[in-house]
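Engineer: From the sequence below, what's the structure:
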Amino acid sequence: MARIAGTTEIHVDGAQIPLKGSITLSVDTTSRESVMGLDKRHGWKETQETPFVEVTVSLTDDLNLTMLQDITDATIQVQLANGKKAIIGKATQTNHVTVSPEEGEVTFRFEGETGTYA
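Structural biologist: Below you'll find the model as predicted:
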């Protein structure tokens, strides 16, 4: 059987950041939703979506919080355990950077204009 989960890496503009364990991502640029009538499904509608990656990283001495907080127009690459790679292009750090001193971790959310699996 093939490995499908486990070791994962994240790179921001080519530089690896210390992934602690929590990562969620979507490379989708559209979503579809059924349009239901009282009698049956009448069709579907399509909505634009923003590709994103939300990640928790370790608060190491060499982690540059200011640089990560100020990111705009970056390329985010996530190397998954199964060999697939998720790429978010023209990404911007979008949420409040959340620091947990008790756990020694920081949470970031990057949203981009493009997303794909390679």
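
Engineer: ok so M67 is a helix residue?
Structural biologist: Yes. Assessed by DSSP: H, G, I helix; E, B strand; the rest coil, M67 belongs to a helix.

Engineer: Nearest residue to the residue positioned nearest the centre of the chain in space, please, no chain neighbours.
Structural biologist: For the chain, the residue whose C-alpha lies nearest the mean C-alpha position (C-alpha atoms, centre = their mean) is V53; its distance is 0.9 Å. Distances taken as C-beta to C-beta, 6 or more residues apart in numbering put L25 closest to V53, at 4.1 Å, once the chain neighbours are dropped. Any C-beta I mention is one placed from the backbone N, CA and C, and that applies to glycine too.

Engineer: where's the one you found relative to T7, distance?
Structural biologist: For L25, the distance to T7 (C-beta to C-beta, to the nearest Å) stands at 16 Å.

Engineer: Between those two, which is the more surrounded one?
Structural biologist: Ranked by neighbour count (other C-beta atoms under 10 Å), L25 and T7 place L25 first, with 19 against 9.

Engineer: Just the pLDDT for the residue located most distally from the centre of the chain.
Structural biologist: The C-alpha centroid of the chain is most remote from D39, which lies 38.7 Å away (C-alpha atoms, centre = their mean). Listed pLDDT for D39 reads 97.

Engineer: Quick one: residues in contact with stretch 65-72.
Structural biologist: 12-13, 17, 91-93, 97, 99, 106, 108, 110 (C-beta atoms under 8 Å, 6 or more residues apart in numbering).
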